[in-house]
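Trainee: Sequence and computational prediction follow.
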Amino acid sequence: MTELESALASESCVVSVMGAHAGEAPDVIFERKKTDIAETGMSLWLIRSSRARPAQVQEMFSKFPGYTIFVEPSTVGGARPTLEASAAKEYSADRVIWHLLPAGLGPVTGKLDSCAAALVFDAIDTNVHGVLDLWEYSEYSGVQMPLKFILGCSTACAVRRDSKTHPGRMKSRYRGIVAVARMKAPYCVWVK
């Protein structure tokens, strides 16, 4: 089974709308992250989302393998590019014990404030072809809310739960899949 097939078969995943970041095109970012994995066994992907906090991601993947599915924005230019490129130097699974980023890991960049976190990957596949039906997913948070993205909140923990009839569902149902990444424990960390 491919990583994409495993991700699509999973009961939960992280879904992230992919866009440019600090002047780098998505394909350049993915290649840099693949190099991280080849050299260090892991890569960190900076996020700042209230719907994919480290404790939530860690809980969601504590019992089974986790995946992040990267999807296209609903419209061209629909993902707001990240402009800030501050480089993280440390990470922590619990905000108590901090570790320096591993030697050989490429820059982990973005806006480094109290919300800055990073998904932890040990594999990324960009040779994928498929479509994600957002109406097949809902928010992980336990609230019976459909999976929904807005500018500034483009990454979310999701569970397979039909939201086709929910009045608050996304209008753009189908999104092209850009890449899939396999999560590695501790799955999501704080960065600074």
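Mentor: Okay, I see it.
Trainee: Please make it C-alpha for all contacts and neighbour counts, starting now.
Mentor: Fine.
Trainee: Report the distance from whichever strand or helix holds Val57 to the chain centre.
Mentor: Val57 is part of helix 54-60, with elements assigned from DSSP states H and E. Here helix 54-60 is found 12 Å from its chain centre; the criterion is CA atoms, centre = their mean, to the nearest Å.
Trainee: Mind listing what's buried along that helix?
Mentor: The neighbour-count check on helix 54-60 (16 or more other CA atoms under 10 Å) flags Pro54, Gln56, Val57, Gln58, Met60 as buried.
Trainee: One more: stretch 127-136?
Mentor: So, applying 16+ other CA under 10 Å, buried residues of stretch 127-136: Leu132, Leu134, Trp135, Glu136.
Trainee: The last one contacts Arg160, doesn't it?
Mentor: Yes - taking CA atoms under 8 Å as the contact criterion, Glu136 and Arg160 are neighbours in contact, 5.9 Å apart.
Trainee: Can I get the longest helix seen in the chain in CSV, CA atoms only?
Mentor: Longest helix in the chain by number of residues, with DSSP state H as the criterion: helix 26-40. Coordinates of each C-alpha in helix 26-40 appear next as CSV, following Å, rounded to 0.1, in the frame of the first residue of the first chain:
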residue,chain,number,x,y,z
PRO,A,26,6.0,24.3,-2.8
ASP,A,27,8.1,21.9,-4.9
VAL,A,28,11.3,23.5,-3.6
ILE,A,29,10.1,23.2,0.0
PHE,A,30,9.1,19.5,-0.5
GLU,A,31,12.5,18.7,-2.0
ARG,A,32,14.3,20.4,0.9
LYS,A,33,12.2,18.5,3.4
LYS,A,34,13.0,15.2,1.6
THR,A,35,16.7,16.0,1.9
ASP,A,36,16.2,16.6,5.7
ILE,A,37,14.7,13.1,6.0
ALA,A,38,17.4,11.5,4.0
GLU,A,39,20.1,13.2,6.1
THR,A,40,18.6,13.2,9.6
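Trainee: For the helix or strand following that helix, give me every contacting residue.
Mentor: Next in sequence after helix 26-40, counting helices and strands by DSSP H and E, comes strand 43-47. The set of residues external to strand 43-47 that reach it, using CA atoms under 8 Å, 6 or more residues apart in numbering, is 33-34, 36-37, 105, 108-110, 116-122, 155.
Trainee: Helices - which of those residues land there?
Mentor: Applying DSSP H to the contacts of strand 43-47, the entries found in helices are Lys33, Lys34, Asp36, Ile37.
Trainee: where are the low-confidence patches of the protein?
Mentor: Within the chain, the stretches with pLDDT under 70 are 22, 75-84, 142-143, 151-152.
Trainee: what are the ranges of the strands in it?
Mentor: Listed in chain order, the strands of the chain (DSSP state E) span 12-17, 43-47, 67-71, 86-87, 90-92, 99-100, 109-110, 117-125, 131-133, 137-139, 155-160, 174-191.
Trainee: Which other helices and strands does the fourth one contact?
Mentor: Under the contact definition 3 or more CA pairs under 8 Å, 6 or more residues apart in numbering; DSSP states H and E, strand 86-87 sits against strand 109-110.
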